[in-house]
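Colleague: starting from these lines, generate the structure:
(one chain, ligands or ions: 1)
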Amino acid sequence: MTTTPTTPADGLTRRRLLGTAGTAAVAGAAALAPVAPASATTPGRTASRDRRVEQLLRRMTRQEKIGQLRLANTVESAEEALTTTGLGGIFSVVGARAINAIQRKAVEGTRLGIPLIVGLDVIHGYTTNFPIPLGQAAAFDADVAADDARVSAAEARRSGIHWTFAPMMDVCHEPRWGRIAEGNGEDPYLTTVLAAVKTKAYQGSSLASATSVAACAKHLAAYGAPEGGRDYNTVDVSIQRLHNLYLPPFKAAVEAGAATVMTSFNTIAGVPAHGNADLVRGVLKDRYRFEGFVVSDYTGVQELIPHGQAADGRDAAREGIRAGVDMEMTSTTYVENAAALLASGAITQRQLDDAVRRILRVKLDLGLFEEPYVDEAGEVTAPTAATRRSARSAAARSLVLLRNEGDVLPIPRTGRIAVIGPLATATYDLNGTWAGLGTGASTTPPTTVLAAIEALATGTVVHEPGCDVSGRGTGGIDAAVAAARAADVAVLVLGEDATMSGEAAARSDIGLPGVQQRLAEAVAEAQPSTVAVLVNGRPLTLTALAAAVPAILEAWAPGLEGGRAIADAVFGATNPGGKLPVSFPRSVGQVPLYYNHENTGRPYDPDNKFTSKYLDVEDGPLYPFGHGLSYTTFEVSDVRLSRATMSRRGGSVSVSAVVRNTGRVAGDEVVQLYVRDPVASIVQPVRRLRGFERVRLEPGVRRRVTFELTPGDVGFYDGDARWRVERGEIEVYVGTSSQAPLAGSFTVR
Ligand code: BGC
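Modeller: Numbering: from 1, shown residues only. The predicted structure is shown next:
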């Protein structure tokens, strides 16, 4: 059962992104929830840690303090920094030996011997690649996210990495944006649940453990809303949407103890996040009581210059430090300018000490002063059987069966199978963006879909690529058609290569790249039993593909064991049970298109021209949020609400429903609970996910699933960022996608 992931808080201040409201009482407002310190330390340990931080601070020179704010990205720049400006950490350097060597220079070669913190983008694996985070979200199963985080943390820490720049928790309504691959899709609730779970799993019960890494909640904030889907682009968002849509995962990550937070490249209402005191000091540090440190995103502080908030490096450093960005990644405006800024009074000693204090706290929590070095013999250089099993299970659970007309999937292992398409022989492309940067990752190619199918098939398997991923050449299509015609079934493996999603990988057209659609149509015409498997990092427009082929299995970028997980599902050894964490539009012109939208005053009505719609495309998505089929069928029935009313001050209503496997094979269904507040002081989304549970059922078996709703599930932040729980009716929808039917309602009193 899934319950509300965060306690809404109402810390009122006068800052802008917090709202301008004064102290007016807000009905049903919860007190500001106390937030856990930066790691799971006991109070006694926290006090002794803080004493050590203060002792150190007293011994540090001004320059030694400023040096802690610098994060270098190469061994050369780190070595230079250690003898000149000072250095707080290093990132993107892998290999236990190299890490120990640079650490030795910090610990043994500097006056105070303060160890470096060593960071890396361990986004969905270090050596063992799991599915991309968007795929993990499709599992609708927090254990998948937790497994990735635990395996990643252990592999990374054993190899000398203390800190991962993950989890990424940018809620996103923009499929053109390549970085949608790195997050959990369009829903704040799902993202919040997974952000908290992942943060805890990376950090374990103690950051000092040999299998834990410090997490970094990124990117603060609203980076997933770039205009036009173009990376780094402007974001303009209302206060209510910022707090209801984009910030909840960050609040949850802080409450889960996230050691660090990374600011985002974008502006919000004209102010870049790296120079945004309202956001970083106001929301994160004051309102959420975040005690860890904030790191810039790469050269984000220096980028205040082209943004137009700073004239030069000195200005940029001033704005960044004032905003509360504690550590500067790659660029060096802090170390170059902080001393002069202090001398002139443009920044204060308190601001500098606060930043250093936060960084030292995390280093102490990580146990770096006790154990700065990593045991080189323990470095992880290859996946193990156990980590492969976890990755395979994660990939299997991420699969979403979008379409299966005539039950063409699963296919028999016998007979002649034509495996067609440019991604059938993909290796590293199966890992997707931000593939593991760990030592063994680049020498461990994932098993291809073709090889995995060959391993399971008992008949004949033939292969034709048909075309490239993105080239225009059609020369291979005839051979593919001939192979399909001669076979009993064709499996098309189509989609995007790993470079087509991720950072700086926006696409204006989110259809199948190149001539893949032509290939699919030609093959499907020759072979009616054609199934398409998709490998991709974002929602695609699949209207034409769905018209051409009877079955589509969405595999995302499924990671190291993805090929095998796909083959298992294609043959029915496993049964897909994932659901879409993001809407798939019919056409890119519909974007942004998301299930949790607000109604207009003229909601879509097919019989009325003067309602909100397009003339040239059918209404709504091709596949909605929460959609996903199975090789069996399920029925959700007998929805019961425990009460007809909920008190705004701490009441609850439990909602339960029976889910039954009505088909002939075992399978998973994700029961989903949505709410809607039909009349509110701020127009509310037509649906909001507030609970989900993935259940596995044998044929004919039923189970009752129960969700608990509290005021935290039905309230919202208003235009002044105040938490409100309003009186009135709340509609409840329970089912198997965001198009679940109305199941009942209760009244908030
Ligand atoms: C990305 C971050 C990443 C950082 C360090 C930036 O370009 O936006 O997400 O953590 O690089 O590699």
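Colleague: near the ligand, which residues of the stretch 601-749 of the chain show up?
Modeller: For the stretch 601-749 of the chain, no residue is in contact with the ligand (C-beta under 6 Å from any ligand atom). Heads up, the C-betas are built off the backbone N, CA and C, glycines and all.
Colleague: equivalent analysis for the stretch 151-300 of the chain, please.
Modeller: Applying C-beta under 6 Å from any ligand atom, one finds that the stretch 151-300 of the chain approaches the ligand through Phe165, Lys218, Asp297, Tyr298.
Colleague: now the strands for the stretch 201-350 of the chain?
Modeller: Ranges of strands in the stretch 201-350 of the chain, per DSSP state E, counting those that start in this stretch, are 216-220, 260-263, 267-268, 271-272, 293-295, 328-329.
Colleague: closest one of the residues of the stretch 151-300 of the chain next to the ligand to Thr211?
Modeller: Using C-beta to C-beta, Phe165 is the member of these that sits closest to Thr211, with 18.4 Å.
Colleague: contacting residues around the closest residue to the ligand within the stretch 51-200 of the chain?
Modeller: Nearest residue of the stretch 51-200 of the chain to the ligand (C-beta to the nearest ligand atom) works out as Phe165 at 3.4 Å. Listed by C-beta atoms under 8 Å, 6 or more residues apart in numbering, the contact partners of Phe165 are Phe91, Gly119, Leu120, Asp121, Val122, Ile123, Cys216, Lys218, Met262.
Colleague: cutoff 6 Å now
Modeller: Asp121, Cys216 (C-beta atoms under 6 Å, 6 or more residues apart in numbering).
Colleague: make JSON lines out of the residues of the stretch 151-300 of the chain next to the ligand and add distance to Glu726.
Modeller: Formatted as JSON lines, those follow (distance: C-beta to C-beta, whole Å):
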{"residue": "Phe165", "distance to Glu726": "38"}
{"residue": "Lys218", "distance to Glu726": "33"}
{"residue": "Asp297", "distance to Glu726": "37"}
{"residue": "Tyr298", "distance to Glu726": "42"}
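Colleague: so the protein: which segments form each domain?
Modeller: Domain ranges of the chain: 43-377, 388-584, 634-748, per automatic domain parsing.
Colleague: closest one to Asn596 among these?
Modeller: So among those, domain 634-748 is nearest, using C-beta to C-beta, at 4.1 Å.
Colleague: off-centre distance for the closest one?
Modeller: Relative to its parent chain, domain 634-748 has a centroid offset of 23 Å by C-alpha atoms, centre = their mean, to the nearest Å.
Colleague: stretch 519-537 now?
Modeller: Here stretch 519-537 is found 29 Å from its chain centre; the criterion is C-alpha atoms, centre = their mean.
Colleague: that one: which residues count as buried?
Modeller: The neighbour-count check on stretch 519-537 (16 or more other C-beta atoms under 10 Å) flags 519-524, 526-527, 529-537 as buried.
Colleague: tell me which of these fall in helices.
Modeller: Mapping those onto helices (DSSP state H) picks out Leu519, Ala520, Glu521, Ala522, Val523, Ala524, Ala526.
Colleague: with distance to Val374 added, can I get those residues in CSV?
Modeller: Shown next, in CSV, are those (distance: C-beta to C-beta, whole Å):
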residue, distance to Val374
Leu519, 48
Ala520, 48
Glu521, 53
Ala522, 54
Val523, 50
Ala524, 53
Ala526, 56
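Colleague: so which of these is the closest to Met169?
Modeller: Taking those together and measuring to Met169 by C-beta to C-beta, the closest member is Ala520, at 34.2 Å.
Colleague: count the neighbours of the residue lying closest to that closest one once chain neighbours are set aside for me.
Modeller: Nearest non-adjacent residue to Ala520, counting by C-beta to C-beta, 6 or more residues apart in numbering: Ala548, 5.2 Å away. Ala548: 21 surrounding residues under other C-beta atoms under 10 Å.
Colleague: and Ala548, its phi and psi?
Modeller: For Ala548, the backbone dihedrals (degrees, to the nearest 10) come out as phi -90, psi -40.
Colleague: what does the pLDDT read for the residue of the stretch 51-200 of the chain closest to the ligand?
Modeller: We have a pLDDT of 98 for Phe165.
Colleague: now Arg45
Modeller: 82.
Colleague: which helix or strand contains it?
Modeller: Applying DSSP states H and E as the criterion places Arg45 in helix 43-59.
Colleague: quick one: mean pLDDT over the following helix or strand past that helix.
Modeller: Using DSSP H and E, the helix or strand that follows helix 43-59 towards the C-terminus is helix 62-68. Average pLDDT, helix 62-68: 98.
Colleague: do the same with stretch 622-632
Modeller: Here the average pLDDT along stretch 622-632 is 98.
Colleague: end to end, how far does it reach?
Modeller: End-to-end distance of stretch 622-632 (C-alpha to C-alpha, to the nearest Å): 22 Å.
Colleague: surely Gly735 meets Val636?
Modeller: Yes: applying C-beta atoms under 6 Å as the test, Gly735 and Val636 come out as touching, 5.5 Å apart.
Colleague: quick check: the two most widely separated of the residues of the stretch 151-300 of the chain next to the ligand?
Modeller: Applying C-beta to C-beta across those, the maximum distance is between Lys218 and Tyr298, 11.1 Å.
Colleague: compare these two (neighbour count), which wins?
Modeller: Neighbours were counted for Lys218 and for Tyr298 using other C-beta under 10 Å; Lys218 has more, 26 against 19.
Colleague: find me the pLDDT at Leu194, would you?
Modeller: So Leu194 comes in at 98 (pLDDT).
Colleague: count the neighbours of it for me.
Modeller: Neighbours of Leu194 (other C-beta under 10 Å): 30.
Colleague: which residues touch it?
Modeller: When contacts are counted by C-beta under 6 Å, 6+ apart, Leu194 touches Ala145, Asn184.
Colleague: now it: which helix or strand?
Modeller: helix 188-203.
Colleague: what's the angle from that helix to strand 216-220?
Modeller: Using axes from the mean of the first three to the mean of the last three C-alpha atoms, to 10 degrees, one finds that helix 188-203 and strand 216-220 are set 140 degrees apart in direction.
Colleague: neighbours around the closest residue to the ligand within the stretch 551-700 of the chain, how many?
Modeller: Among all residues of the stretch 551-700 of the chain, Ala557 sits closest to the ligand, at 16.7 Å; criterion: C-beta to the nearest ligand atom. Around Ala557 sit 36 other residues, with neighbours defined as other C-beta under 10 Å.
Colleague: could you do Ser77 as well?
Modeller: Ser77 has 16 nearby residues by other C-beta under 10 Å.
Colleague: in the helix or strand of the chain with the lowest mean pLDDT, what counts as buried?
Modeller: Of all helical and strand segments in the chain, the minimum by mean pLDDT, DSSP states H and E falls on helix 43-59, at a mean of 92. For helix 43-59, burial by neighbour count (16+ other C-beta under 10 Å) applies to Arg45, Thr46, Arg49, Asp50, Val53, Leu56.
Colleague: again with stretch 107-125
Modeller: So for stretch 107-125, counting by 16+ other C-beta under 10 Å, buried means 107, 110, 114-125.
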